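> Need a 3D model of the following:
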Amino acid sequence: MSNFPKLKLNERSQHLLKVLIEAYIQEGAPIASATLLAKSGLSVSPATIRNAMVGLERMGLVKSPHTSSGRVPTSQGYRVFVDSLVSVQALDEKTLMRLQISMNAEETASGLLQKASGLLSGITQLAGLVTMPHRSFVGIRHIEFINLTEKQVLTVLVLQDGEIQNRLLKTERDYATSELQAASNYLNSMLEGKTLQQAKRSILREMAQVRHHMNRMMQAVMELGSQTLDHVDSVIPEGDLLVAGEKNLMNYEDLADMKKLKGLFQAFEEKQEMLALLNTTMNADGVQIFIGSESGYQVFDDCSMVTSTYCTENGSIGVLGVVGPRRISYERIIPVVDITARLLSASFKANR
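Numbering: from 1, shown residues only. Got it, this is the predicted structure:
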């Protein structure tokens, strides 16, 4: 999600930038030229390293803090690193097993999402984020109508993410159980597997095209279906946000300023900015990374966010990820986010 211009670096400059950033992520202190020379494995003079650092600084990829002769990466430097230089690690077997067991558990959709945010936080020691599914894009698994008392019908809508919604509808007349079963069968044949958005369009199209040829029973069936789908939008918040482990951020010196932490915690609590940012990645493929000011929200200027979408057969329905300081272990965190999203998606597709 870069807002920075593309820069052309020669092979030596790329190598030195990579070594500097990896050393800074590990040590948390400005990297001096002598340290960089020792870690680089290059057979060059100290002057060559210093000149290379001056060049990287002029390009805005590193900077020298006032209190140190060493250098640290800038947001633009991190961007070049994650786009071109980072060596993503395979997850260790213990972490992978932990994710696989947790994401295969027989739980409700909301339970799985809560678990995903907690796992992301626990494994990365950052703040874990998961948006609740965007209901318009969740598929329909089953619709059922149950006869209750006089002129009252209970509708049961089961979604592909495992969510079950019930609604009591008042009807103009009494229906026999066989009539309601026929209505359920008809709507299931027409709507099963379609998203809520697609299902609403199908019902409206059916009503518009054949209204004059419908008998009263079919008109009632369409009306029952329409009311059932409208009810979902009215009772389930669209794209709510789950946050876990926000207190982990207090352990990072880069975010130790109380004003910064207060702003971050407020953003987690109020959610609007977080949701707006995460929703921009809904149509993106693979892992997306926001570094510093790339997010467009000042409260995240000292942070990085690593995200990925999770999906059903009908496409992306939500976003998960982590937030932390810019100085994080990208090579380890990227696969954690990626695999968590893949496992969560697989669980929804297989069991919901």
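
> Only C-alpha atoms from now on, for both contacts and neighbour counts.
Will do.

> and the longest helix for the chain?
helix 330-351 (DSSP state H).

> what about it, distance to the chain center?
10 Å (C-alpha atoms, centre = their mean, to the nearest Å).

> what does stretch 174-191 give?
37 Å.

> what does the average pLDDT come to for the helix or strand containing residue 227?
Take DSSP states H and E as the rule and residue 227 turns out to sit in helix 216-235. Helix 216-235 shows an average pLDDT of 65 in the prediction.

> helices or strands next to the helix or strand just after that helix in the packing?
Remark: after helix 216-235, the chain's next helix or strand is strand 241-244, criterion DSSP H and E. Helices and strands touching strand 241-244, by 3 or more C-alpha pairs under 8 Å, 6 or more residues apart in numbering; DSSP states H and E, are helix 109-124, strand 127-131.

> Just checking: what are the partner strands of the last one?
Think strand 127-131. Neighbouring strands of strand 127-131 in its sheet, by DSSP bridges, are strand 241-244 (antiparallel), strand 315-325 (antiparallel).

> Which residues does it contact?
Residues outside strand 127-131 that contact it (C-alpha atoms under 8 Å, 6 or more residues apart in numbering) are 113-114, 116-121, 239-249, 275, 278, 318-324.

> Quick one: mean pLDDT for the helix or strand following it?
Of the helices and strands lying after strand 127-131 in sequence (DSSP H and E), the nearest is strand 140-147. Summarised as a single mean, pLDDT over strand 140-147 is 85.

> Counting neighbours, which bits of strand 140-147 end up buried?
Within strand 140-147, the residues that qualify as buried are 140-147, counting by 16 or more other C-alpha atoms under 10 Å.

> From the contact counts, what lies against that strand?
strand 152-159, helix 177-191.

> what does that strand contact?
So strand 140-147 is contacted by 153-160, 175-177, 180-181, 183-184, 187-188, 191-196 (C-alpha under 8 Å, 6+ apart).

> My read is that residue 337 contacts residue 305, right?
No - assessed by C-alpha atoms under 8 Å, residue 337 is found out of contact with residue 305, at 10.5 Å.

> Quickly list what's touching both of the two.
With C-alpha under 8 Å, 6+ apart as the test, residue 337 and residue 305 both reach 321-322.

> Assign residue 78 to helix, strand or coil.
helix (DSSP: H, G, I helix; E, B strand; the rest coil).

> Please name the residues that touch it.
By C-alpha under 8 Å, 6+ apart, the contact list for residue 78 reads 21, 61, 291, 326.

> and the closest residue to residue 104 other than its chain neighbours, how many residues sit next to it?
Leaving aside its sequence neighbours, residue 104 sits nearest to residue 347 (C-alpha to C-alpha, 6 or more residues apart in numbering; 6.1 Å). By other C-alpha atoms under 10 Å, the residues close to residue 347 number 22.

> Could I get the pLDDT score of residue 347?
For residue 347, the predicted pLDDT is 87.

> isn't it right next to residue 107, touching?
No - counting by C-alpha under 8 Å, residue 347 stays clear of residue 107, with 9.9 Å between them.

> so which of the helices and strands packed on strand 241-244 is the most packed in?
Ranked by mean neighbour count under mean count of other C-alpha atoms under 10 Å, the helices and strands packed on strand 241-244 are led by strand 127-131, which reaches a mean of 28.

> I'd like the average pLDDT over that strand.
Averaging pLDDT along strand 127-131 gives 96.

> distance between it and the chain's centre?
Centre-to-centre, strand 127-131 and its host chain are 7 Å apart (C-alpha atoms, centre = their mean).

> Residue numbering should commence at 112 henceforth.
Right, with 112 as the first residue, what we last looked at is strand 238-242.

> Next, the angle from it to helix 441-462.
Per axes from the mean of the first three to the mean of the last three C-alpha atoms, to 10 degrees, the angle that strand 238-242 makes with helix 441-462 is 30 degrees.

> separation between residue 337 and residue 316?
12 Å (C-alpha to C-alpha, to the nearest Å).

> ok, now which ones touch residue 279?
Counted by C-alpha under 8 Å, 6+ apart, residue 279 has contacts 263-266.

> Could you look up the SS state of residue 393?
From three-state DSSP, the assignment for residue 393 is coil.

> count of residues packed around it?
Residues near residue 393, counting by other C-alpha under 10 Å: 19.

> ok, now residue 425?
14.

> quick one: the longest helix of the chain to helix 220-235, angle?
Using the same axes, to 10 degrees: helix 441-462 against helix 220-235 is 160 degrees.

> Could I get the CA-only coordinates of helix 441-462 as PDB?
As requested, C-alpha coordinates have been extracted for helix 441-462 and formatted as PDB (Å, rounded to 0.1, in the frame of the first residue of the first chain):
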ATOM      1  CA  TYR A 441       8.200  -8.700   9.000                       C
ATOM      2  CA  GLU A 442       9.800 -12.000   7.900                       C
ATOM      3  CA  ARG A 443       7.900 -13.900  10.600                       C
ATOM      4  CA  ILE A 444       4.700 -11.800  10.900                       C
ATOM      5  CA  ILE A 445       3.800 -11.900   7.200                       C
ATOM      6  CA  PRO A 446       3.400 -15.700   7.100                       C
ATOM      7  CA  VAL A 447       1.500 -15.700  10.400                       C
ATOM      8  CA  VAL A 448      -1.100 -13.400   9.000                       C
ATOM      9  CA  ASP A 449      -1.200 -15.100   5.600                       C
ATOM     10  CA  ILE A 450      -1.600 -18.600   7.000                       C
ATOM     11  CA  THR A 451      -4.200 -17.500   9.600                       C
ATOM     12  CA  ALA A 452      -6.300 -16.000   6.900                       C
ATOM     13  CA  ARG A 453      -6.000 -19.100   4.700                       C
ATOM     14  CA  LEU A 454      -6.900 -21.500   7.600                       C
ATOM     15  CA  LEU A 455      -9.900 -19.300   8.600                       C
ATOM     16  CA  SER A 456     -11.100 -19.200   5.000                       C
ATOM     17  CA  ALA A 457     -10.700 -23.000   4.700                       C
ATOM     18  CA  SER A 458     -12.700 -23.500   7.900                       C
ATOM     19  CA  PHE A 459     -15.600 -21.300   6.600                       C
ATOM     20  CA  LYS A 460     -15.600 -23.100   3.200                       C
ATOM     21  CA  ALA A 461     -15.600 -26.600   4.800                       C
ATOM     22  CA  ASN A 462     -17.800 -26.300   7.800                       C
END
